[in-house]
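[1] have a look at this fold, sequence not included:
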């Protein structure tokens, strides 16, 4: 075999494990940027009349050490875009789908290693274009991460709707291409490249979560791609897909657009937007299920129910998009249908929560950092998800939709929960990724401060939202109705700074451990059952140096027959024991 160069081994690699690390490191970089933007936003909201010496940057965006309104909305747009698409979609799915799927199904690599490599480099290209949007006249997009028309469809509607928004749209299009390339690969690998004995009912739940994520992305992202192409035509080609009856407020002059519909854009966007919630959270669903079982030393409770509930959520996620549009003039009768479907999707979510809690019940729990973040995931998913019941009711949502209640809800159930799932996965599979252990004391410190900070930031926002405090506002200081929240806003901002600073503990632990962490001396440090732990401590390109192991069992045989764990590769005692249906 020809010796690999540095470029083919670490840069333009076709090894799924290296590509996973590329997605992870890039995602961490974007998370730092997105988190920093949230801190800058909280400085403005918590201390609106203060001047900060480090913001004396010159230019129109930072006057007298203060963030100006246009820059604030650009920060808000880029924070949402970066965290939802580049961190919690590409960073989470790209990392763990690439790393886990071949290892856990028993494959040498992805179905198409070359397309897999391209999926990362299209994501990298999207990242470069997004960074470039910061350096064009007018700066990056400032029309919100949803880019609602008609604000986004007119080039001169706002400071952040010029060339930077064009680059934003192009960047997201390249990101979508990357996601589709990856999704096709993930699905093909799971369906066609499982090792002998690896029936679908023997797949780890982490693989099921990543498989369903890929299916949702494959069905929904092309709709957003089409929506953005039409948006580019409206912005640069004189078309009127989303524009009609537009008048300039300064002169009262009518612009030459007719026949379009801004609501059409909302339908197209949210047809992706709601499955995107589960595209973000499904990988965490699967990994948390895996980690809870391994570290409680118990079989996952209700394996079939877990798979069935994920399939039910996948199906229903394509039928509820208009609950984001209750305040758009949606027909009340049609709204009632979406209320029913929205509340129905809570049933399979509740099944999953019940199964997680029951898995923990009376388990022999090992409180590793991975386990702590997995339990924390369950906690924030419950507390964030329950408030979705209020927002799923159209009559209540009309009152709460544009308030901080929504900010708290989606940050807990989508942002914080998904990040906790990502942290759990990193701490759990770090030994397999790098052959070293992360410092467990720093990991525990990272968890407790992050968990406390998350609740201290977002729980008060529920209270503010119930009081009617609107979201997306730059400054509340002159608003008499909300003067009572000045102290609370300052408190939230202070905690946000603590939360962001705490992530430095993780970064130091992560990068130090890659090079100087305690070396792993056994291939299976967690005593888990799944196939990735049967590879060498640091798997070679091709994963297994010899023959790929055959699978004889399910992935969660813990505490069975008087034994702590029984690997999937261990044959049954009775050689003639019949194989379950569907085994290949």
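    That came through fine. The model shown is predicted, which means the values in this text are computed figures rather than measured ones.
[2] buried residues, stretch 171-185. List them.
    Across stretch 171-185, burial judged by 16 or more other Cβ atoms under 10 Å covers 171-185. C-betas here are computed from N, CA, C, even on glycine.
[3] so who does the nearest residue to residue 114 once chain neighbours are set aside touch?
    The shortest distance from residue 114 to any non-neighbouring residue, by Cβ to Cβ, 6 or more residues apart in numbering, is to residue 14 (6.0 Å). Shown in contact with residue 14 (Cβ atoms under 8 Å, 6 or more residues apart in numbering): 109, 113, 114, 116, 117.
[4] let's have those in CSV, adding pLDDT.
    Below are these laid out as CSV (pLDDT from 0 to 100):
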residue, pLDDT
109, 96
113, 96
114, 96
116, 96
117, 96
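[5] closest to residue 336 out of those residues?
    residue 116 (44.2 Å; Cβ to Cβ).
[6] chain center to the helix or strand containing residue 333, what's the gap?
    In the assignment (DSSP states H and E), residue 333 maps to helix 332-344. Relative to its parent chain, helix 332-344 has a centroid offset of 26 Å by Cα atoms, centre = their mean, to the nearest Å.
[7] show me which residues of that helix are buried.
    In helix 332-344, counting by 16+ other Cβ under 10 Å, buried: 335, 338, 339, 341, 342.
[8] cool, and stretch 98-108?
    For stretch 98-108, the neighbour count (16+ other Cβ under 10 Å) marks 98, 99, 100, 101, 102, 103, 104, 105, 106, 107 as buried.
[9] which one of those is nearest residue 382?
    Distance to residue 382 across these (Cβ to Cβ) is lowest for residue 100, with 25.3 Å.
[10] ok, longest helix in this protein?
    Ranked by residue count, the top helix of the chain under DSSP state H comes out as helix 262-296.
[11] list the helices and strands that one packs on?
    Identification of packing neighbours for helix 262-296 by 3 or more Cβ pairs under 8 Å, 6 or more residues apart in numbering; DSSP states H and E yields helix 90-105, helix 205-236, helix 303-317, helix 346-360, helix 369-386, helix 417-434.
[12] for those helices, give me JSON lines that also has mean pLDDT and distance to residue 154.
    Rendered in JSON lines, the data for the helices and strands packed on helix 262-296 read as follows (pLDDT from 0 to 100; distance: least, Cβ to Cβ, whole Å):
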{"stretch": "helix 90-105", "mean pLDDT": "97", "distance to residue 154": "29"}
{"stretch": "helix 205-236", "mean pLDDT": "97", "distance to residue 154": "7"}
{"stretch": "helix 303-317", "mean pLDDT": "97", "distance to residue 154": "32"}
{"stretch": "helix 346-360", "mean pLDDT": "96", "distance to residue 154": "39"}
{"stretch": "helix 369-386", "mean pLDDT": "96", "distance to residue 154": "35"}
{"stretch": "helix 417-434", "mean pLDDT": "97", "distance to residue 154": "33"}
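[13] got JSON lines for the buried residues of helix 332-344, with distance to residue 474 too?
    Output for the buried residues of helix 332-344, formatted as JSON lines (distance: Cβ to Cβ, whole Å):
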{"residue": "335", "distance to residue 474": "31"}
{"residue": "338", "distance to residue 474": "31"}
{"residue": "339", "distance to residue 474": "32"}
{"residue": "341", "distance to residue 474": "35"}
{"residue": "342", "distance to residue 474": "31"}
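[14] ok, so of the residues you listed, who is nearest residue 283?
    residue 342 (22.6 Å).
[15] name all residues that make contact with the most centrally placed residue in the chain.
    In the chain, the centroid-proximal residue (Cα atoms, centre = their mean) is residue 88; its distance is 2.4 Å. By Cβ under 8 Å, 6+ apart, residue 88 lies in contact with 280, 414, 415, 418, 419, 422.
[16] same thing but 6 Å
    Neighbour list for residue 88: 280, 418 [criterion: Cβ atoms under 6 Å, 6 or more residues apart in numbering].
[17] let's see the pLDDT reported for it.
    Here the pLDDT value assigned to residue 88 is 96.
[18] ok, back up a step: which of the contacts of residue 14 has the most neighbours?
    When neighbours are taken as other Cβ atoms under 10 Å, the top entry among these is residue 116 (27 neighbours).
[19] and for residue 393, the neighbour number?
    Other residues lying near residue 393 total 17 when counted by other Cβ under 10 Å.
[20] before we move on, what about residue 256?
    Counted with other Cβ under 10 Å, the neighbours of residue 256 add up to 8.
[21] for stretch 397-404, give me every contacting residue.
    Applying Cβ under 6 Å, 6+ apart, the contact partners of stretch 397-404 are 326, 327, 391, 461, 464, 465, 469, 470, 471.
[22] rerun at 8 Å
    Residues contacting stretch 397-404 (Cβ under 8 Å, 6+ apart): 323, 326-327, 390-391, 406, 461-462, 464-466, 468-472.
[23] drop anything exposed from the residues you listed.
    Burial by neighbour count, judged by 16+ other Cβ under 10 Å, picks out 323, 326, 390, 391, 406, 461, 462, 464, 465, 469, 471 from the contacts of stretch 397-404.
[24] how near is the third one to residue 5?
    Spelled out, that is residue 390. For residue 390, the distance to residue 5 (Cβ to Cβ, to the nearest Å) stands at 57 Å.
[25] need the per-residue pLDDT for residue 62.
    Model confidence at residue 62 (pLDDT) stands at 79.
[26] still on that earlier bit, and the buried residues of helix 332-344 as JSON lines, adding pLDDT and distance to residue 9?
    Output for the buried residues of helix 332-344, formatted as JSON lines (pLDDT from 0 to 100; distance: Cβ to Cβ, whole Å):
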{"residue": "335", "pLDDT": "93", "distance to residue 9": "55"}
{"residue": "338", "pLDDT": "95", "distance to residue 9": "50"}
{"residue": "339", "pLDDT": "96", "distance to residue 9": "54"}
{"residue": "341", "pLDDT": "95", "distance to residue 9": "49"}
{"residue": "342", "pLDDT": "94", "distance to residue 9": "48"}
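[27] between those residues, which is nearest residue 350?
    Ranked by distance to residue 350 (Cβ to Cβ), those are led by residue 342 at 13.7 Å.
[28] does the closest one touch residue 323 like I think?
    Yes. Taking contacts as Cβ atoms under 8 Å, residue 342 lies within contact range of residue 323: 4.6 Å.
[29] how many neighbours does residue 254 have?
    Residue 254 has 11 neighbours, counted by other Cβ under 10 Å.
[30] show me what contacts it?
    By Cβ under 8 Å, 6+ apart, the neighbours of residue 254 are 245, 246, 247, 248.
[31] name the helices or strands packed onto the helix holding residue 333?
    Applying 3+ Cβ pairs under 8 Å, 6+ apart, one finds that helix 332-344 contacts helix 394-400.
[32] over to residue 470: give its phi and psi.
    Residue 470 adopts backbone torsions of phi -80, psi 150, taken as degrees, to the nearest 10.
[33] give the contact list for it.
    402, 403, 404.
[34] let's see it at 7 Å
    402, 403 (Cβ atoms under 7 Å, 6 or more residues apart in numbering).
[35] try the one 4 residues further on
    If you count contacts by Cβ under 7 Å, 6+ apart, residue 474 has them with 44, 69, 72.
[36] was I right to think the first one contacts residue 67?
    Just to be clear, that refers to residue 44. Yes. Using Cβ atoms under 7 Å, residue 44 makes contact with residue 67 at a distance of 4.8 Å.
[37] all good on my end, thank you.
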